[in-house]
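Colleague: For reference, the sequence and a predicted model appear below.
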Amino acid sequence: MKKNYLTLLLLCTISVLNLNSQELIANMRSGALDGINGDTADMIEFNGKLLFTAHLGDGKAYELVEYDPITGIVTNLTDIDPGSDDSFPNYKVVLNNTLFFVADAEETGSGPISFTELYSYNSDGTLTKIPSNGFSNNTNNANTDINPKNLTLYNGNIYFSAQKSDVKVEVQLLKMPSNGNYSEVVISGAYVRGGFENHPEPASFEVTNNKLFFSANVSNSERGLFFYDDTNNTSGRIGTHSYPPYVKANGTDLFYLAQGTYWKYDTTSGTSSPNIFATNAPIPKTKPVTHSGKMYYRSEFTSPFSSNDLVIYDIATDTHTRVRINSTVDSNVSHFEKYGGKIFFAAEDDNAGKELHMYDPISEKYTLVSNIRLGSSGSFPSSYYIFQNRMYFAATSQSEGRELWVMEGTNIAPKIKAFIGNQTYVQDANGIATFNLLDYFKEDFEDGANISFSSSSGSPNLVTTSVQGNTLTINYTLNVGVSAINVTSTDSGGKSISQEFDVIIESATASIDDVISKSFNLYPNPTKTSFKLESNNYNIKKVAIFNILGAKVTSFSNALESYNVSNLTRGIYQVVVATERGKGIKKLVIE
């Protein structure tokens, strides 16, 4: 039965949101050099941090990096292809508290040839190349790798496509219980190997209703839609239609483009319905984003001029809305993401180049979020990722190149630059200590911009605090004990972040060495490579490290920013700190 078809055309007045709603948060390479290369950021959350692919300008090229949302610091985690060569980690997924991804690296003895392989990265910082388990891995041809792609989580395993024996790309199953060995999954009805070009080559993976769906070659001139059921170890082709390039789930229904029209497959009943979009409806040119019973995608139109516009398809009513962003030229819509009940996408409008836009399903209006790169060039926002209720993305500005940006309703809370740590003092009738709080907090991207401070003491009869400008003052007397101190940094938009630490007041009759020991803060502890020592009361003259047998293993003749212990084996050590008034001793654990 032919369905009704309704086209609505929206031409909206553009307004600009508060510019504080998006902010540059990490300028990883100086000047106009790109910290992020195009759409290759491939962001993912791992252990409370945001991991992505970027170049920090530190001689390691494009590698796996980590953004800490508390401190605002970006750290390089790997150097898979050493030096100035790029490894471009991508297809990242997390399984059993381990990050898995694909990366390029030059193999030993291979010369300039780059190989694409699987890697894992554990929460303890261990990077491992996953063995090939009999797959090509350069055994049949020195210039061949397994070239894994499309890593997808399904039913407690990772599925992906990979090349086997130089002639086949097949869905592979990566099982993680112990050693990371993966095994081949045979696709019933898919093309079997017969030559280098004759292979299933699965792609467009989608998981719904406890099954894995994907497209794969049926012959050297036809592709079909397939499923794999891991629970029952069954697979097969769905229908006989050809060439489904986009597969998208909405609940238990699967939508896909094939033979010039869109189809719907009911994954529960196993039935397909052709022509779910009415006659002459715009066909998706990108994989749709689904939200509240509607699908959002780009489609190409020829009237009144050639333009790639936003299309909104209402699944229940089978109606379409075309949203023209640019009234005179191609809107060039792309890169969709849903966030905060809105649909975000990149597009060119009448007043700007390709910039970040937002469509509100309630008001049915779109908005230019901000013009990051003035003029007609555009910032080309992409690589969106929702992390801790913020939308992170890559964009190119006028002066900073392509870097990491964030979208959050109004503004971003201040960051912690360094931790104050516990403080120990000797009882004193007029004891006083001061801290410059700009050493410990920073506002968004620019240090100290528009932030204020407040403080409180858990035991005001023991310790009192006050803040004047950026200076925290701690006052103590002859009373002995411990007080918890809270310091809060608040920005002009009302966002805040706090640090808590203890102030310990020791008796004047206590051993001076005990007092010195407690005054020092040693971190990180445990550590693998280095540690820092901090004290507001004593100056470091010399540092020596002893093992559990009492033997000195290394020493430092003066105070350093950090102390390198990467040459020491795992174990427990004593760090002896010599000061102008005596010595202090701290325990150090090296992992």
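Modeller: Received it, and whenever you're ready, just let me know what you need. Residues are numbered from 1 along each chain as shown.
Colleague: neighbours of residue 36, just the number please.
Modeller: 29 (other C-beta atoms under 10 Å). No exception for glycine: its C-beta is placed from N, CA and C like everyone else's.
Colleague: What's the separation between it and residue 397?
Modeller: Between residue 36 and residue 397 the computed distance is 12 Å (C-beta to C-beta, to the nearest Å).
Colleague: how about residue 516, secondary structure?
Modeller: helix (DSSP: H, G, I helix; E, B strand; the rest coil).
Colleague: Could you pull up the contacting residues of it?
Modeller: For residue 516, the contacting residues are 538, 577, 579, 581-584, by C-beta atoms under 8 Å, 6 or more residues apart in numbering.
Colleague: Between those, which sits nearest residue 162?
Modeller: Looking at the contacts of residue 516 and their distance to residue 162, the nearest is residue 577, at 53.3 Å (C-beta to C-beta).
Colleague: Spatially nearest residue to the closest one (excluding sequence neighbours)?
Modeller: Nearest residue to residue 577, sequence neighbours excluded (C-beta to C-beta, 6 or more residues apart in numbering): residue 584, at 4.6 Å.
Colleague: Hmm, residue 533 and the one you found touching each other?
Modeller: No: contact criterion C-beta atoms under 8 Å: residue 584 and residue 533 do not qualify, at 9.2 Å.
Colleague: which of those two has more neighbours?
Modeller: Higher neighbour count among residue 584 and residue 533: residue 584, with 25 against 20, using other C-beta under 10 Å.
Colleague: per-residue confidence at the more buried one?
Modeller: For residue 584, the model assigns a pLDDT of 82.
Colleague: repeat for the one 3 residues further on
Modeller: Residue-level confidence at residue 587 comes out at 87, pLDDT.
Colleague: before we move on, what about the one 3 residues further on?
Modeller: Model confidence at residue 590, expressed as pLDDT, equals 89.
Colleague: tell me which of the contacts of residue 516 is nearest to residue 402?
Modeller: If you rank these by distance to residue 402 using C-beta to C-beta, residue 577 comes first, at 44.5 Å.
Colleague: list the contacts for that closest one?
Modeller: Applying C-beta under 8 Å, 6+ apart, the residues contacting residue 577 are 516, 520, 533, 538, 540, 542-543, 583-586.
Colleague: among those, who's most crowded?
Modeller: That'd be residue 584 among the contacts of residue 577, by other C-beta under 10 Å, with 25 neighbours.
Colleague: which residues are common contacts for residue 584 and residue 533?
Modeller: In terms of C-beta under 8 Å, 6+ apart, residue 584 and residue 533 are both contacted by the residues 520, 577.
Colleague: Could you pull out the helices in this protein for me?
Modeller: Along the chain, the stretches classed as helices by DSSP state H are 512-519.
Colleague: Return the closest of the contacts of residue 577 with respect to residue 568.
Modeller: Taking C-beta to C-beta as the measure, residue 568 lies nearest residue 543 of the contacts of residue 577, at 13.4 Å.
Colleague: Nearest residue to the closest one in space, ignoring adjacent ones along the chain?
Modeller: Counting by C-beta to C-beta, 6+ apart, the residue nearest residue 543 is residue 556, at 4.4 Å.
Colleague: Residue 239 now?
Modeller: Closest residue in space to residue 239, ignoring its immediate chain neighbours: residue 272 at 4.8 Å, by C-beta to C-beta, 6+ apart.
Colleague: same check, this time on residue 481
Modeller: Nearest to residue 481 is residue 462, by C-beta to C-beta, 6+ apart, at 5.0 Å.
Colleague: count of neighbours near residue 96?
Modeller: Number of residues near residue 96 (other C-beta under 10 Å) recorded here: 9.
Colleague: err, residue 44, not the other one
Modeller: Using other C-beta under 10 Å, residue 44 is surrounded by 18 other residues.
Colleague: how about stretch 491-498: buried residues?
Modeller: For stretch 491-498, a neighbour-count test (16 or more other C-beta atoms under 10 Å) marks 491, 493, 495-497 as buried.
Colleague: so what are the domain limits for this protein?
Modeller: As assigned by the TED database, the chain contains the domains 277-410, 415-506, 512-590.
Colleague: Kindly compare burial across the ones you listed and name the winner.
Modeller: Among the domains of the chain, domain 277-410 has the highest mean neighbour count (mean count of other C-beta atoms under 10 Å), at a mean of 18.
Colleague: circling back to that earlier point, and the buried residues of stretch 491-498, which is the shakiest by pLDDT?
Modeller: For these, the pLDDT minimum is residue 493, 68.
Colleague: if we can go back for a sec, who touches the residue nearest to residue 577 in this structure?
Modeller: By C-beta under 8 Å, 6+ apart, residue 584 lies in contact with 513, 516-520, 538, 576-577.
Colleague: Closest one of those to residue 316?
Modeller: Distance to residue 316 across the contacts of residue 584 (C-beta to C-beta) is lowest for residue 520, with 66.0 Å.
Colleague: List the contacts of the residue nearest to residue 543.
Modeller: Applying C-beta under 8 Å, 6+ apart, we find residue 556 in contact with 542-544, 563.
Colleague: if you set the cut-off to 10 Å instead, what comes out?
Modeller: Taking C-beta atoms under 10 Å, 6 or more residues apart in numbering as the criterion, residue 556 is in contact with 533, 540, 542-545, 563-564, 575, 577.
Colleague: Check the spacing between residue 301 and residue 322 real quick.
Modeller: Taken as C-beta to C-beta, the span from residue 301 to residue 322 is 7 Å.
Colleague: Tell me the residues that contact both of those two, please.
Modeller: Joint contacts of residue 301 and residue 322 (C-beta under 10 Å, 6+ apart) are 282, 307, 309, 311.
Colleague: what's the spacing between residue 340 and residue 386?
Modeller: 9 Å.
Colleague: quick one: common contacting residues for the two?
Modeller: Common contacts of residue 340 and residue 386 (C-beta under 10 Å, 6+ apart): residue 407.
Colleague: I'd like to know how far the closest residue to residue 580 other than its chain neighbours sits from residue 579.
Modeller: Take residue 580 and drop its neighbours on the chain: the residue closest to it by C-beta to C-beta, 6+ apart is residue 539, 5.6 Å away. To residue 579, residue 539 is 6 Å away according to C-beta to C-beta.
Colleague: Mutual contacts of these two, please.
Modeller: With contacts taken as C-beta under 10 Å, 6+ apart, residue 539 and residue 579 have residue 559 as neighbours in common.
Colleague: which ones are touching residue 566?
Modeller: Contacts of residue 566 (C-beta under 10 Å, 6+ apart): 527-530, 590.
Colleague: do the same with residue 251
Modeller: Residues near residue 251 by C-beta under 10 Å, 6+ apart: 208-209, 267-268, 290, 293, 315.
Colleague: Name the nearest residue to residue 148, ignoring sequence neighbours.
Modeller: In space, residue 148 is closest to residue 162, 4.4 Å off (C-beta to C-beta, 6+ apart).
Colleague: Run a quick check on residue 247 versus residue 262, I expect a contact.
Modeller: No: between residue 247 and residue 262 no contact is recorded; they are 11.2 Å apart, counting by C-beta atoms under 10 Å.
Colleague: related to what we said a few turns ago, check contacts around the residue nearest to residue 580.
Modeller: 559, 578-581 are the contacts of residue 539 under C-beta under 10 Å, 6+ apart.
Colleague: For the residue nearest to residue 481, list the residues it contacts.
Modeller: Listed by C-beta under 10 Å, 6+ apart, the contact set of residue 462 reads 476-477, 479-483, 503-505.
Colleague: Nearest to residue 436 among the residues you listed?
Modeller: In terms of C-beta to C-beta, no member of those lies closer to residue 436 than residue 503, at 17.1 Å.
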